[in-house]
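Undergrad: What would the 3D arrangement of this be:
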Amino acid sequence: SRRIKSHKDVWKKVERLVGKMRYNDAKYKDVFNIFVQPVDEAKHEAPNYYAIIKDPQDLTTIYDRVCTYDHPNPHYASPSEVAQALRTMFMNCMTYNPPGHQLHELAVRAAAVFEEAWAEIEQVWPL
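TA: Numbers count the residues shown, from 1 in each chain. Now for the predicted structure:
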């Protein structure tokens, strides 16, 4: 498999992937919509969400943090920290919404789509 030549190259791939997820790229049509913004307990009819979920994550926040990779003090120290934030985001949804609930099932699907895309990044860079 092809190897990425520099650390910056892998960060560009991570930024591109999270950006496509965040901005509903055609490849990911409707897969990640529910994760774009932070949960609003009233608007999203999610009572006690923040009492139950202690490490909330959303794609907009994660993407904004990924975009700091070339700053002197980036939010994420490594691409694997980005993957962990995304996995936490999916797990939060599955934790709050019980199995069988539409949002739980969407989170399961979104996590699988993400893992498939992430595996392509891991093939070219040991994360």
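Undergrad: Can you give me the neighbour number for M91?
TA: 15 (other CB atoms under 10 Å). Yep, even glycine has a C-beta here, placed from its N, CA and C like the rest.
Undergrad: helix/strand/coil for it?
TA: Following DSSP: H, G, I helix; E, B strand; the rest coil, the label given to M91 is helix.
Undergrad: Please name the residues that touch it.
TA: For M91, the contact set (CB atoms under 8 Å, 6 or more residues apart in numbering) comprises A107, A111.
Undergrad: can you start the count at 47 instead of 1 from here on
TA: All set: I'll call the first residue 47, so the last point we hit is now M137.
Undergrad: Okay, it and C113: tell me how far apart.
TA: Separation of M137 from C113 (CB to CB, to the nearest Å): 23 Å.
Undergrad: Y95 too?
TA: Y95 is 26 Å from C113, where distance means CB to CB.
Undergrad: Tell me which stretches of this structure form helices.
TA: 53-68, 95-98, 105-112, 125-142, 148-170 (DSSP state H).
Undergrad: Right, I'll call it a day here.
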